[in-house]
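Participant: show me the folded form of this:
(one chain, ligands or ions: 1)
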Amino acid sequence: MSEFLINGGKSLYGEVEIHGAKNTVLPLFAAAIISAEKVEITNVPLLTDVKNMIKIIQKLGAKAEMVGDKVTIDASRLYSCEIPNELAKELRSSVFLLGSVLSRKKCAKVAYPGGCDIGLRPIDIHIKGLRDLNVKIEESCGYIYCDATDMQSGDVILDYPSVGATENLMLAAVLTEGTTVLHNAACEPEIVDLQNFLNKMGAKISGAGTSTVRITGVESLKGTTYRAMPDRIVAGTYAIAAAITGGEIILKGAKHGDMRALLSKLAKTSCIITQNSDNIHIKANGRPTAVQRITTQPHPGFPTDLQAPMMALQTVSDGICVFTENIFENRFRHVTELTKMGADIIINGRTAVIKGVERLHGAEVYAQDLRGGAALVLAGLNAYGTTVVKDVYHIDRGYENMEIILRSVGADIIRR
Ligand code: EPZ
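Facilitator: Modelled structure (predicted):
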């Protein structure tokens, strides 16, 4: 198991190229297998989750290969509708292959995706939505069996604006005759990217980015080439790296419009933020000021995926921050590790109260999940002395070459 060794205290200066978004390329791969023609997706990051998703669609019978940042998918010979269990457990988000396999094969079998590091991650909203579209679903012995022979278009009201359920239902409805309307849909930018990709393949979808998404079924989808959107969570993480080290970083390729909630909170910490069409410039301005209240919410609210990285910054900010995690029930696992580094944090249910200290000190800490691991790296960049972040395989799921990128802007960090 590799680990990061960080000698903290260096201010970061320079430019970081923001790679494609993990949470867009995964649904795009799922969408690609609905077409029997060749699809090319560029700006794909080299991540563990990406490699696992490629393996899953290969097991379904599609050809898929990654050369550089381009993934080519040819699902003309897609023959299976069973999503492989061992890989589905590795990659929870394979659950939205359900929708695309149902569109293409009219049947699907998938193991119940387990919970993960941050919560139970149920899929009841996915299942209810598919049933609302007349998909016959049976659950037995840990598997979900779906029969979409009689799938119909219709109105689906999501009990919660679930990102994955919105994506799954878009993928299920795209070839279904008539118009399906998703109410209380998720509004995340990745949903917009999925709509744009599907429409480029010949789908008829509108409303993505709002809480009402309309999908009018078409006969089939054609091949296309498409460039995935930049990763707003990775961009946000490196913005925080500038703030927590008192440095100055230009995020190349980052989209300001996707990051408003984070950037407005960072401005409150006294960072100076400027942007042009495709770059964002973050400049620290002395010791950060604590943000009194932060609450994670569905987009366009403060993103849950940046809760841990932003908490790392609050641990060394001047003042007290009350941080509430509204989205996942077990997303404070980085707190114990941050306290090993001298952070002053009290947890009460879904709320953490952080009293900023001048500076953290190095320690041996364990990444418990993807974004919590990233937060520990950020803390190590600030801390006196040496920090060892163990189990960095969690971080490799969502950050491409994190240590190389951080070294390129002056961090003293190695992977060993
Ligand atoms: C997506 O997960 C992202 N993953 C997550 O990113 C992100 O944190 C999350 O959206 C919220 O923005 C991908 O896109 C691959 P949800 P998803 O369905 O779709 C509950 C990362 O770090 N829920 O919007 O699984 C659920 O338990 C990852 O990159 C149900 O109760 O998120 C959670 O509490 C982590 N029933 C809340 O809704 C359901 O059927 C939000 O989940 C579905 C979800």
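
Participant: can you get me a residue count around M1?
Facilitator: By the criterion of other Cβ atoms under 10 Å, M1 has 7 neighbours. Heads up, the C-betas are built off the backbone N, CA and C, glycines and all.

Participant: list the contacts for it?
Facilitator: Applying Cβ atoms under 8 Å, 6 or more residues apart in numbering, one finds that M1 lies in contact with 390-393.

Participant: from those residues, which two are the most distant?
Facilitator: Taking every pair in these and measuring Cβ to Cβ, the maximum separation is 9.7 Å, between K390 and Y393.

Participant: what's the PyMOL line that selects buried ones from the contacts of M1?
Facilitator: If you want just the buried ones from the contacts of M1 in PyMOL, going by 16 or more other Cβ atoms under 10 Å, the selection is:
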select buried, resi 390+391+392
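
Participant: the contacts of M1 in helices, which ones?
Facilitator: Within the contacts of M1, membership in helices is found for Y393, as judged by DSSP state H.

Participant: of the contacts of M1, which are in range of the ligand?
Facilitator: Checked against the ligand using Cβ under 6 Å from any ligand atom, those yield no neighbours at all.

Participant: now the residue in the chain that the ligand sits nearest to. Nearest residue, chain neighbours left out?
Facilitator: The minimum distance from the chain to the ligand, using Cβ to the nearest ligand atom, falls at G164 (2.8 Å). What sits nearest to G164 in space, not counting adjacent residues and going by Cβ to Cβ, 6 or more residues apart in numbering, is F96, at 5.3 Å.

Participant: I'd say the one you found and V163 touch.
Facilitator: No: with contacts defined as Cβ atoms under 8 Å, F96 does not count as touching V163, sitting 9.1 Å away.

Participant: neighbour-wise, which of these two wins?
Facilitator: F96 (27 against 21).

Participant: distance of the more buried one from A172?
Facilitator: Counting by Cβ to Cβ, to the nearest Å, the separation of F96 from A172 is 9 Å.

Participant: that older thread, rebuild the contacts of M1 as a markdown table, extending it with distance to T42.
Facilitator: As requested, the contacts of M1 are exported to a markdown table (distance: Cβ to Cβ, whole Å):
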| residue | distance to T42 |
| --- | --- |
| K390 | 34 |
| D391 | 31 |
| V392 | 27 |
| Y393 | 26 |
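
Participant: sorry, back to before: checking my notes, the residue nearest to G164 in a helix, right?
Facilitator: Yes: in this structure, F96 lies within a helix as judged by DSSP: H, G, I helix; E, B strand; the rest coil.

Participant: so where's the protein uncertain?
Facilitator: Of all residues in the chain, those with pLDDT under 70 make up the ranges 114-115.

Participant: domain assignment for it?
Facilitator: What automatic domain parsing lists as the domains of the chain is 3-19+230-415, 22-227.

Participant: now do the same end-to-end measure for the longest one.
Facilitator: Start to finish, the residues bounding domain 22-227 are 13 Å apart (Cα to Cα, to the nearest Å).
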